[in-house]
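Colleague: pasting a predicted model and its sequence here:
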Amino acid sequence: MLRRKMPQHNNKRRRELYLQNKDEINRKRREKNKELGINEKKKEYEKKYREKNKEKIMSNNKSYSRKLRDKYKELVFNHYGRKCECCGEEHIDFLTIDHINGNGEKHRKEINRRINDWLVKNNFPDGFQVLCFNCNWGKHINHGICPHKL
């Protein structure tokens, strides 16, 4: 009796064939999808799904954004230090990033994003320090000098 290999047993060979003919295979797939109107059907399905599951999607987006924000915050504070440079506060909920040269408002407008995201994506540039919110605000209202330093 002749035994035939099942397709799942031949994944390595299928992968090799795909890599050899990748451009042609993908071209044919695109053509077939256009003929069948796959994209329109897919868009319609996704639209209905989003309408039906709006709260679930919003919840997932919020939790993902929160996790990413916390991850970037952790990376930034691990790099710049985990305590206020002025008063020594160590509770992470009270800490923030300060522009040493005092050009924070201008810089935030230029980058148009959260500072922690920007710092991570730009490989933690110099010119920033960790301050608590009190020292940061005190530095702002005293023209660049924290009240602790006066």
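Modeller: Yep, it's here.
Colleague: from here on, just use CA atoms for contacts and neighbour counts.
Modeller: OK.
Colleague: check which residues of stretch 124-138 are buried.
Modeller: F128, Q129, V130, L131, C132, F133, N134, C135, N136, W137, G138 (16 or more other C-alpha atoms under 10 Å).
Colleague: ramachandran angles for the closest residue to the second one other than its chain neighbours?
Modeller: Just to be clear, that refers to Q129. Nearest residue to Q129, sequence neighbours excluded (C-alpha to C-alpha, 6 or more residues apart in numbering): D98, at 5.3 Å. D98 adopts backbone torsions of phi -120, psi 140, taken as degrees, to the nearest 10.
Colleague: pretty sure D98 is touching V130, no?
Modeller: Yes: D98 is in contact with V130 according to C-alpha atoms under 8 Å; the separation is 5.9 Å.
Colleague: quick one: secondary structure of N101?
Modeller: Three-state assignment for N101 (DSSP: H, G, I helix; E, B strand; the rest coil): coil.
Colleague: which residues does it contact?
Modeller: Contact analysis of N101 by C-alpha atoms under 8 Å, 6 or more residues apart in numbering lists G127.
Colleague: for it, grab phi and psi.
Modeller: phi -80, psi 0.
Colleague: that one and G144, how far apart?
Modeller: 8 Å (C-alpha to C-alpha, to the nearest Å).
Colleague: what's opposite the residue nearest to F77 when sequence neighbours are not counted in the beta bridge?
Modeller: Using C-alpha to C-alpha, 6+ apart and skipping the chain neighbours, the partner closest in space to F77 is V130 (7.4 Å). Applying DSSP bridges to V130 gives these bridge partners: I97.
Colleague: distance across stretch 137-147, terminal residue to terminal residue?
Modeller: Rule used - C-alpha to C-alpha; the end-to-end distance of stretch 137-147 is 10 Å.
Colleague: the top helix by length along the chain packs against which elements?
Modeller: The longest helix of the chain (DSSP state H) is helix 54-80. Packing partners of helix 54-80 (3 or more C-alpha pairs under 8 Å, 6 or more residues apart in numbering; DSSP states H and E): helix 115-121, strand 128-132.
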